[in-house]
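# fold the following, please.
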Amino acid sequence: MKRLAVVLGMCLCLSAFCPLTAHAEESAVISATVPDTHSLTVTANEDIKIEVGTTWIQNGDTVKVNRLSSPCIMLELTSEQNFSKAFLNGVDITDQIRVEKYGYIASYYFEPVYEDMTLEIEIESNLPQTGYSNIYRIIEISALLMTTTGIVIVAKTKKEKE
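Sure, this is the predicted structure:
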């Protein structure tokens, strides 16, 4: 114990006679500019309605969002579309997308935004891949018009016979 006290005392005495100084010949200023907003680009492989916060945007549009905000994105699908996958800056976030009961609305709440982001949405279509997405509606309307015309002709024919 005495030896330890003697060694510590000697260290204290020597440190008093040998001061240590730090010297810098040059100085540097470090600064950073942090933006108030960041860009959010949303793309989808099919046309869908896209709402970011309270702003409706088109497929492929870029919207500005406030730094460190947590915006909500809503995707409105048609009855012929199903949500398939989502990628945020290349990272798969499919399991974080909330799809409503009937599958027509999907939503995602972002973590606080601190960088520009790209959200890629993949949609699957329920229609056969013929390239004619509205052909079934056209056929249905045509059949309805033909049926109505046939009923009118039959009614007129009966009236003329009487």
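# and Lys64, how many neighbours does it have?
13 (other Cβ atoms under 10 Å). For the C-beta atoms, the positions are set from N, CA and C on the backbone; glycine is no exception.
# the helix or strand encompassing it pairs with which strands, parallel or anti?
Take DSSP states H and E as the rule and Lys64 turns out to sit in strand 62-66. When sheet partners are counted by DSSP bridges, strand 62-66 sits next to strand 37-44 (antiparallel).
# the partner strand: how far from the chain's middle?
8 Å (Cα atoms, centre = their mean, to the nearest Å).
# now stretch 32-43
Per Cα atoms, centre = their mean, the centroid offset for stretch 32-43 relative to its chain is 14 Å.
# who's in contact with it?
With contacts defined as Cβ atoms under 8 Å, 6 or more residues apart in numbering, stretch 32-43 is touched by 50, 52, 57, 59-67, 71, 73, 113-121.
# can you check stretch 141-157 too?
Outside stretch 141-157, no residue touches it (Cβ under 8 Å, 6+ apart).
# kindly export it (C-alpha atoms) in CSV.
The C-alpha coordinates for stretch 141-157 follow below in CSV (Å, rounded to 0.1, in the frame of the first residue of the first chain):
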residue,chain,number,x,y,z
ILE,A,141,-73.6,-2.4,-72.4
SER,A,142,-74.1,-3.7,-76.0
ALA,A,143,-76.0,-6.7,-74.7
LEU,A,144,-78.2,-4.5,-72.6
LEU,A,145,-78.9,-2.2,-75.5
MET,A,146,-79.7,-5.2,-77.8
THR,A,147,-82.1,-6.7,-75.2
THR,A,148,-83.8,-3.4,-74.6
THR,A,149,-84.2,-2.9,-78.4
GLY,A,150,-85.6,-6.4,-78.8
ILE,A,151,-88.2,-5.8,-76.0
VAL,A,152,-89.3,-2.5,-77.7
ILE,A,153,-89.7,-4.2,-81.1
VAL,A,154,-91.7,-7.0,-79.6
ALA,A,155,-94.0,-4.5,-77.8
LYS,A,156,-94.5,-2.5,-81.0
THR,A,157,-95.3,-5.7,-83.0
